[in-house]
Each structure stands twice: as structure tokens, then as C-alpha cells.
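Asks: After the sequence you'll find the predicted model.
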Amino acid sequence: MLTSARSLLGPMMLWALLLLPSSLSVHRRGWDNPSCTSGVVSVPRGERAEMACNISNPFYLITICLVVPGKECRFIFKDVAQGNVSRDGWQLRVQGCTAQLVTEKAQDTQAGQYKWEMVGHQRSVSFTTLNISEPPDLPFTPFFSRATSPEMTFSQPEAIPQHQRRTPMGPILLLLILSVLGLGLVLAWFRRRHSARTQQLLQEPVLS
Ligand SMILES: *[C@@H]1O[C@H](CO)[C@@H](O)[C@H](O)[C@H]1NC(C)=O
Ligand SMILES: *[C@@H]1O[C@H](CO)[C@@H](O)[C@H](O)[C@H]1NC(C)=O
Ligand SMILES: *[C@@H]1O[C@H](CO)[C@@H](O)[C@H](O)[C@H]1NC(C)=O
């Protein structure tokens, strides 16, 4: 008697559990079923990065924060409705059921895990991760950094032929001239200031 009741109860409970989500979804006009960029989005520094979340219902509100280990999540966007908003180098585009988080020039400070709190018909939370990698070396970069100091790279446009690039005399001379000019200006300024000061000092006793 008892065993047959228990064996009946098992399948009945299973059916009840299976039917529960579908009956709830009818009342709630459908689940949001969030689907976000999965895995790690990895871009070289300075490049465009994009992460996105879709839900099955139009977004009502969305909040995104950057997870800081051991601290409170740092808000990037809070309670954003439909439309485009920008902040801290990020743009959030919320259009219908899609939300895109876009940065045109990814920086190291933007790397990390992003927590998305989404409200459509329900409230759901998802995470996406951004990794910033070293940009690939440009072919001529190592040559410049070895041959000249970093401040002088500005005076070496790409158009200069290879044989001229090997002799850094031009830039050095330019730098020397600029330094002498700068020093002259600074000295002249000091002399003017000094004479103004002595004049002031000479006048002071008379005034008081
Ligand atoms: C979101 O939806 C768009 C268009 O329906 C699709 O192209 C994109 O891959 C989706 N993104 C995610 C993360 O599900
Ligand atoms: C948001 O930005 C995207 C891409 O720049 C653009 O296509 C869209 O029209 C903008 N939407 C609004 C509401 O400004
Ligand atoms: C991020 O990228 C760097 C270099 O590309 C890699 O070494 C590191 O493992 C990556 N981190 C994650 C979490 O994928």
C-alpha cells in the first residue's frame, strides 16, 4: 500500500516540477533568457573592444559594473534605459533586446570582469570578461627605440629614406639648437624677473 503510493508520488512530483517553469512563464510573459558574450574578449591595447548581452524581452533597465577583487563593484553605467550613453571611454548602446558595451580604444584600466544586471521582465545577472594584450610591434619600432632616444622619434617621419635614418645627426643638431634657444629664453626671463624684483625692492622702503 505504502510502496505503491510512494511509487506514484515520484512521477507526479517530477511532472509537477517539469510543468512549473512553463506555467510561470505564461504568467510572466516569457523569460528574459540572457545571452552574453562568453569566454574572454581579448584585444590589443588601443583597439576596439565589444561585449554584448541579449535578452528575449526589451531591456527595461541595465546596470554594468567592473568587478574589483576585494572591493565593491565599480559602476560604469547605472540604471540605463533604452538609448546610447557614454562614460569613461565606454559606450553603452541599448536597443530593444540588445545591449552592447563598446570601447573604441581599449585601455589597461578597462580590463577585467564586467557584471551585467539586466531587467527585462525579470532581473538577471551575467558576467563578461575583457583582457587587454600587448599591441603587436610595428616593424620600425624596435629600430627607433634602439637607434635614438624616445623624444626624438617625432622628427623621423616614415618618408625619410633608410640611409638617412641611420645617421641621427640631424635630430641631434635640432635638439641642440632647441635646447640652446630654450636656455636663452629661460635666462632672459630670469634676468627680467630679477631686475623687476630689484626695482620693486628699491621702491618698497619709499612706499612704507
Ligand atoms: C545578440 O543578438 C544579435 C542579433 O540578434 C547577434 O548578432 C549577437 O550575436 C547576439 N549576441 C549574443 C552575445 O548573444
Ligand atoms: C546608438 O549608436 C549606434 C551606433 O553608433 C547607432 O547606430 C544608433 O542609431 C544610436 N542610437 C541612438 C538612439 O542614438
Ligand atoms: C590575457 O592575455 C594575456 C596576453 O595575451 C595572457 O597571457 C593571459 O593569460 C590572458 N588572460 C586571460 C584571463 O585570458
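Replies: Yes, it's here. Ligands and ions are numbered 1, 2, ... in the order given.
Asks: C-alpha from now on. contacts and neighbour counts both.
Replies: Will do.
Asks: Partner strands of the helix or strand containing L66, with direction?
Replies: For L66, the enclosing helix or strand under DSSP states H and E is strand 61-67. Looking at strand 61-67 with DSSP bridges, its partner strands are strand 74-80 (antiparallel), strand 112-119 (antiparallel).
Asks: Could I get the CA-only coordinates of the last one as PDB?
Replies: The C-alpha trace of strand 112-119 is given here as PDB (Å, rounded to 0.1, in the frame of the first residue of the first chain):
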ATOM      1  CA  GLY A 112      38.600  42.800 -16.000                       C
ATOM      2  CA  GLN A 113      35.300  41.100 -15.300                       C
ATOM      3  CA  TYR A 114      32.100  43.000 -16.000                       C
ATOM      4  CA  LYS A 115      28.900  42.300 -14.100                       C
ATOM      5  CA  TRP A 116      25.700  43.000 -16.100                       C
ATOM      6  CA  GLU A 117      22.500  43.400 -14.100                       C
ATOM      7  CA  MET A 118      19.700  43.300 -16.600                       C
ATOM      8  CA  VAL A 119      16.000  44.000 -16.100                       C
END
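Asks: so C36 sits right up against S126, yeah?
Replies: Yes - counting by Cα atoms under 8 Å, C36 touches S126, with 6.9 Å between them.
Asks: Make JSON lines out of the strands paired with strand 61-67 and add mean neighbour count.
Replies: Conversion of the strands paired with strand 61-67 to JSON lines gives the following (neighbours: other Cα atoms under 10 Å):
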{"stretch": "strand 74-80", "mean neighbour count": "15"}
{"stretch": "strand 112-119", "mean neighbour count": "20"}
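Asks: right, and those - which one's nearest ligand 2?
Replies: strand 74-80 (12.4 Å; Cα to the nearest ligand atom).
Asks: Count the residues that sit near the closest residue to Y60 other than its chain neighbours.
Replies: Take Y60 and drop its neighbours on the chain: the residue closest to it by Cα to Cα, 6 or more residues apart in numbering is G120, 5.1 Å away. Counted with other Cα atoms under 10 Å, residues neighbouring G120 total 20.
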